[in-house]
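*Asks:* Can you look at this prediction? I've put the sequence above it.
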Amino acid sequence: MPVATALERLLASAAEHPPTAVAKVPLADALGCVLAEPVVAAADVPPWDNSAMDGYALASSDLAAAMASGLPVSQRIMAGMAPRRLQAGTCARIFTGAPLPAGADAVQMQENVAQQGEVAQLQAPVVPGQNVRRRGQDIVAGAQVIAAGVRLRPQELGVIASVGLAEVSVRQPLRVAVVSTGNELVEPGEALAPGQIYNSNRFTLIGLLKGLGQTVLDAGILPDDLAATHARLRELSAQADVIITSGGVSVGEADCLGQALREGGAVDLWKLAIKPGKPFTLAAYADTPVLGLPGNPAATLVTFLLLVRPYLLTRLGALETAPAQFELPAGCAWNRAGSRDEYLRARVEQGAVQLAGNQSSGVLSSASQATGLLCVPAGQTFAAGDLVRYLPFSGLLG
């Protein structure tokens, strides 16, 4: 199945669920949240004309006198002060961000003014509006500042603060249960017996989910027992909005998770045309969606980023779910044309994309050396200097 088809089906499944409930949160706590209601400005920003720099405010009609003999300085205006109306034939010493006094229509920067005592003489002309930030230049009263569905970044928090809101309405995070499968898995800190490995995928997934701001339910490792698996899934389905497993779901007799899902809901096994990450499962248990990721560490990471992340964002009502991607020159060559789209761990060095370490689906350390993923479409190769599609982790993690 092409990854685009899988994503289309996943997003359609996500759209069948209503977005999470709305909560009002302090603005400082809203980073990464999905806005539930549009933000509309109640007033102009800035609320009055103000100076764009330190200098002298004057009426441009007084320019001739200001340059010939200078103008008396009738007041000093600093940011936060309410100025008096400017007396005719005078100027005002003004500082960046301070309100422009009525009667003034221009500001000359201080570098172009010579002040002797209380008289300021302009050494360069001004025109109306020079160095003046107009009322409403940033935001006009009544304008929609940010649409519902936008995921709030630091700059959105600043914009919301600029219109005077201390709280915003956002979608509550999803409750996501993370569970691992596999008799070979041992928790970090325990001693390894022959044939065992440490459970790394669960910690990768927990980190990815926390980076998205979701509420994580760490469900540990599923027992290799059908009745116990049913009991754990019943418990998780009552607590979580989504269950994510790593380790794969199969049709084998020893697969307790797959059997429990088939008995307790529905299972759709996909074979994705991507590498790493071929096996993927969309299932349900007691009407709670279950997303089954492959067990190889790099495959877990890639399928989460390409499929699970947009699914979760869609469940939250986010407008943008697709990752940022760019075309950049390759700093290396790839000579093996594969039958599936390949997502290689890569990094950008001096403007070119280089491979980052071992590309085996069982190797995770190369992901820590990478800054993103390099996509090689099925059947294609590339040479150094060719343009390649690059997905930076900065647009995928969080």
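*Replies:* Structure's in. What do you need? Numbering: from 1, shown residues only.
*Asks:* all contacts plus neighbour counts: C-alpha atoms, from now on.
*Replies:* OK.
*Asks:* do you know how far Thr5 is from Ala15?
*Replies:* Distance of Thr5 to Ala15, computed by C-alpha to C-alpha, to the nearest Å: 15 Å.
*Asks:* Now do stretch 16-25: distance from first to last residue.
*Replies:* 26 Å.
*Asks:* how many other residues sit next to Ala6?
*Replies:* Other residues near Ala6 come to 19 when the count uses other C-alpha atoms under 10 Å.
*Asks:* which SS state does it fall under?
*Replies:* Secondary structure state of Ala6, per DSSP: H, G, I helix; E, B strand; the rest coil, is helix.
*Asks:* try the one 3 residues further on
*Replies:* Following three-state DSSP, Arg9 is assigned to helix.
*Asks:* Ala65 sits in which helix or strand?
*Replies:* Counting by DSSP states H and E, the element that carries Ala65 is helix 63-68.
*Asks:* Strand partners (parallel or antiparallel) of the helix or strand following that helix?
*Replies:* Following helix 63-68 in sequence order, the next helix or strand is strand 71-77 (DSSP H and E). Strand 71-77 sits in its sheet next to strand 91-94 (parallel), strand 119-122 (antiparallel), going by DSSP bridges.
*Asks:* Would you mind pulling the contact partners of strand 71-77?
*Replies:* The contact list for strand 71-77 (C-alpha atoms under 8 Å, 6 or more residues apart in numbering) reads 65, 83, 86-87, 89-95, 98-99, 118-121.
*Asks:* how about Ala231, phi and psi?
*Replies:* Dihedral angles of Ala231 (phi, psi; degrees, to the nearest 10) stand at phi -60, psi -40.
*Asks:* for the strands paired with strand 71-77, which one ends up most surrounded?
*Replies:* strand 91-94 (a mean of 26; mean count of other C-alpha atoms under 10 Å).
*Asks:* Would you mind writing the CA trace of that strand as CSV?
*Replies:* As requested, C-alpha coordinates have been extracted for strand 91-94 and formatted as CSV (Å, rounded to 0.1, in the frame of the first residue of the first chain):
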residue,chain,number,x,y,z
CYS,A,91,8.9,69.6,18.5
ALA,A,92,8.9,66.8,21.1
ARG,A,93,11.8,64.6,22.2
ILE,A,94,10.4,61.1,21.6
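*Asks:* Name the residues that touch the next helix or strand after it?
*Replies:* The element immediately downstream of strand 91-94 (helix or strand, assigned by DSSP H and E) is strand 106-109. Residues from elsewhere that reach strand 106-109 (C-alpha under 8 Å, 6+ apart): 51, 53-60, 122, 125-132.
*Asks:* give me that answer again for 10 Å
*Replies:* Identification of contacts with strand 106-109 by C-alpha atoms under 10 Å, 6 or more residues apart in numbering yields 50-61, 91-96, 100, 122-133.
*Asks:* Those, buried ones only, as a PyMOL selection?
*Replies:* To isolate the buried members of the contacts of strand 106-109 in PyMOL, using 16 or more other C-alpha atoms under 10 Å:
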select buried, resi 50+51+52+53+54+55+56+57+58+59+60+61+91+92+93+94+95+96+100+122+123+126+129+130+131+132+133
